[in-house]
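Visitor: got a structure for you, letters missing:
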């Protein structure tokens with residue numbers, strides 16, 4: 001079986017593995033380009049929440065879902081469901097999970113803790 005370049009570690013970047021997520025990070029000026037590979041069956045509230053101590057993911061995600069399917073929900077019951085290939089914007093304060101039998105690969109741009117402010121996106125989900 002051939003390897004899948006969308007999920008293999010990328011040379012030249014900083015590679016991290018955290019709670020079932022493989023992350024390749026590249027600094028570009030003040031921004032970061034990140035490739036996140038969420039494994040099959042991955043769910044934020046089950047796998048990441050115990051490590052970060054918040055009820056929901058408080059990071060904004062802005063980028064491009066290159067592979068797989070990613071769904072989620074906000075505390076107000078509003079949901080999202082993305083199937084690659086598609087651009088994504090997920091506000092802070094969400095749960096999310098991989099749907100199906102393949103990893104979800106998200107390419108995103110962020111500014112670390114300043115992402116919301118620098119990209120001019122809402123700090124919390126609203127209708």
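Guide: Done, it's in. Since this is a predicted model, take the numbers as computed values, not measurements.
Visitor: now the end-to-end length of stretch 118-127.
Guide: Stretch 118-127 stretches 21 Å from its first residue to its last (C-alpha to C-alpha, to the nearest Å).
Visitor: Figure out how far stretch 34-51 is from the centre of its chain.
Guide: On the basis of C-alpha atoms, centre = their mean, to the nearest Å, stretch 34-51 sits 8 Å off its chain's mean C-alpha point.
Visitor: What residues of that stretch count as buried?
Guide: Of the residues in stretch 34-51, those scored as buried under the neighbour-count criterion (16 or more other C-beta atoms under 10 Å) are 34-39, 42-45, 47-49. From N, CA and C alone the C-beta is placed, and that goes for glycine too.
Visitor: closest to residue 90 among those?
Guide: Of all these, the one with the least separation from residue 90 (C-beta to C-beta) is residue 44, at 10.6 Å.
Visitor: didn't the closest one look like it was pressed against residue 58?
Guide: No: using C-beta atoms under 8 Å, residue 44 and residue 58 do not qualify as a contacting pair, with a distance of 10.7 Å.
Visitor: Mind checking which of the buried residues of stretch 34-51 are in strands?
Guide: Cross-referencing the buried residues of stretch 34-51 against strands under DSSP state E gives 34-38.
Visitor: Out of these, which is nearest to residue 70?
Guide: The nearest member of these to residue 70, counting by C-beta to C-beta, is residue 38 at 6.8 Å.
Visitor: ok, the closest one - contacts?
Guide: Under the criterion of C-beta atoms under 8 Å, 6 or more residues apart in numbering, the contact partners of residue 38 comprise 20-21, 68, 70, 98, 103-106.
Visitor: So it versus residue 44, what's the distance?
Guide: Taking C-beta to C-beta, to the nearest Å as the criterion, residue 38 is separated from residue 44 by 9 Å.
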